[in-house]
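1. structure, please.
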Amino acid sequence: MAKSSLITGLDIGTSSIKIAVAQKRPEEENLEITYAAGQPSRGVRRGVVVDAEAAAKCIGEALKAAQLAVGHDLEEVHISVNGGHIFCTRSHGLVSVSRADGSISAEDVDRVLQAARTISLSSNKEIVDIYPREFAVDGESGVKDAVGMKGVRLEAEVLIVAGFTPYLKNSDQAVLRAGLEVANRAPAVIAAAGAALSEQQKELGAAVLDVGAGTTGLAVYEEGDLSHIAILPIGSANITHDIAIGLKVDVETAERLKVEKGMCAFKGADKKIKLAGENDKAAGAIFSQRLVSRIIQERVAEIFELANKELKKIGREKKLPGGIVLVGGGVKVPGADEVAKKVFQLTCAVGALRNFSNIEDDPSLAAVCGLARAGWKEKEEESAGSSRFSAGGLGKIKRFFKIFVP
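-> Here you go, the predicted structure:
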């Protein structure tokens, strides 16, 4: 396994920092994950790095374990960004076609997308990435691939994702202090969509809901392109806190009850449950299965209801034929998909990792695997010498950059 063939994704989450190393074998269609693991994070609150030094230590520990497993040093990573500061806005670009014969070139597409990036943001906010939605040639809209068409005026409609610069820089600094370079950034929920959402679902209209510990990300796709993104300041840690308060137990015991005994629905006669172990705080304690399930169900439903309100804001409540795909550690509680169906009144399912090999089907790994896939696609485009923006601008605009320690 050559070092140059490896792509690394790093998902900086509230409760865990996950790292995935991937490679693509010429004879295989799927992206092979050679290593994927996570460990408890520090210095991260609600998806945002608040203590770069503490986060850097966690990243460094995860990095050492990954390098030992794959047998190579890892130098750069594709990282996730998260938090309620992430927002999206629409923008429009307009340029004149440069060629005398009126034929639209890839360079014209690049220029119009760059023009669409020119928006007014406050000094402490910056663009994370932009996502083309459609082009218009001489006023005729609905064009997906403008290259080769003829016209005088080229326009582009794009979705811009931006965030709070200090928080974005904190993530960069944490990675740098761990001895790595940042190859690219991507919102965690968009990375997760790249791993769990099919092209058919994106075309029909679908959403990915990434329920993490501190935040829940929502990404909506229509006609093959990203149309909306929102980060909600609530996650599975809120379920743990509710259990701790409702049962009057410590947070560690509440987390174990959620993970080991939790479910979103309980039918039949109540059962008494207790956690295994003799030397911990929960030893000998007995709990009501019905009560634990009710607490979990109510908070899970609340998370989904907040996401549904976001769909209502953009006029997509009950209007996504491709359904809702659930990812993230927060949807691993049995019955979460059934609660989602009742709230969204759409097809809902826990997402499976698509087109990956050598990895368990774990929804909590969707974001980190999606980061690795995005990195591999960028590498292929660079190797092919393609335009910085994919032909016709249909793909996500890649914000290639290297950030080095000063």
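2. show me where pLDDT drops low in the stretch 301-406 of the chain?
-> 384-406 (pLDDT under 70).
3. how far does stretch 355-374 sit from the chain's center?
-> 11 Å (C-alpha atoms, centre = their mean, to the nearest Å).
4. so what touches the helix or strand hosting Lys169?
-> Assigned by DSSP states H and E, Lys169 falls within helix 165-177. Here helix 165-177 makes contact (C-beta atoms under 8 Å, 6 or more residues apart in numbering) with 10, 12, 43, 48-50, 52-53, 55-56, 59-60, 77, 79, 81, 83, 85, 124-126, 128, 181-182, 185, 403-405. From N, CA and C alone the C-beta is placed, and that goes for glycine too.
5. now do the next helix or strand after it, average pLDDT.
-> For helix 165-177, the succeeding helix or strand toward the C-terminus, using DSSP H and E, is strand 181-187. If you average the pLDDT over strand 181-187, you get 95.
6. report the angle between strand 181-187 and helix 165-177.
-> Angle, strand 181-187 to helix 165-177, by axes from the mean of the first three to the mean of the last three C-alpha atoms, to 10 degrees: 140 degrees.
7. now do strand 181-187: which elements does it pack against?
-> Contact analysis of strand 181-187 by 3 or more C-beta pairs under 8 Å, 6 or more residues apart in numbering; DSSP states H and E lists strand 76-81, strand 125-137, helix 165-177, helix 366-384 as its packing neighbours.
8. for Ile119, which of these is the nearest?
-> strand 125-137 (7.9 Å; C-beta to C-beta).
9. next, the angle helix 165-177 makes with that closest one.
-> Calculated by the same axes, to 10 degrees, strand 125-137 forms an angle of 100 degrees with helix 165-177.
10. for strand 125-137, buried residues please.
-> 127-137 (16 or more other C-beta atoms under 10 Å).
11. the helix holding Lys169 to strand 76-81, inter-axis angle?
-> Using the same axes, to 10 degrees: helix 165-177 against strand 76-81 is 150 degrees.
12. which of the helices or strands spans Ala195?
-> Per DSSP H and E: helix 188-196 holds Ala195.
13. the helix or strand following that helix packs against which elements?
-> Later in the chain than helix 188-196, the nearest helix or strand by DSSP H and E is helix 199-204. With contacts defined as 3+ C-beta pairs under 8 Å, 6+ apart, helix 199-204 has these neighbours: strand 216-222.
14. how about the strand it packs on as PDB, C-alpha atoms only?
-> Only the C-alpha atoms of strand 216-222 are listed here, as PDB (Å, rounded to 0.1, in the frame of the first residue of the first chain):
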ATOM      1  CA  THR A 216     -28.100  17.700  14.300                       C
ATOM      2  CA  GLY A 217     -27.300  18.500  10.700                       C
ATOM      3  CA  LEU A 218     -29.900  18.600   8.000                       C
ATOM      4  CA  ALA A 219     -29.000  18.600   4.200                       C
ATOM      5  CA  VAL A 220     -31.700  18.700   1.600                       C
ATOM      6  CA  TYR A 221     -31.100  17.600  -2.000                       C
ATOM      7  CA  GLU A 222     -33.400  18.200  -5.000                       C
END
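15. chain center to it, what's the gap?
-> 9 Å.
16. residues of that strand that come out buried?
-> Here strand 216-222 shows 216-222 as buried, counting by 16+ other C-beta under 10 Å.
17. distance to Arg117 for those residues - can I get that in TSV?
-> Listed next are these as TSV, based on distance: C-beta to C-beta, whole Å:
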residue	distance to Arg117
Thr216	28
Gly217	23
Leu218	24
Ala219	20
Val220	22
Tyr221	21
Glu222	22
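18. before we move on, the earlier item: would TSV of the helices and strands packed on strand 181-187 with distance to Val147 be doable?
-> What follows is those, written out as TSV (distance: least, C-beta to C-beta, whole Å):
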stretch	distance to Val147
strand 76-81	27
strand 125-137	10
helix 165-177	32
helix 366-384	15
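19. domain parsing for this structure?
-> 87-162, 198-351 (automatic domain parsing).
20. and the longest one, how far out from the chain middle?
-> Think domain 198-351. With C-alpha atoms, centre = their mean, you get 16 Å for domain 198-351.
21. Thr89 touches Ile119, doesn't it?
-> Yes - between Thr89 and Ile119 there is a contact under C-beta atoms under 8 Å: 7.0 Å.
22. the more surrounded of these two?
-> Ile119 (15 against 12; other C-beta atoms under 10 Å).
23. can you name every helix or strand that the lowest-mean-pLDDT helix or strand in the chain contacts?
-> Least confident helix or strand, the chain: helix 366-384 with a mean of 89, by mean pLDDT, DSSP states H and E. Judged by 3+ C-beta pairs under 8 Å, 6+ apart, helix 366-384 is in contact with strand 7-12, strand 16-23, strand 31-40, strand 76-81, strand 181-187, helix 188-196.
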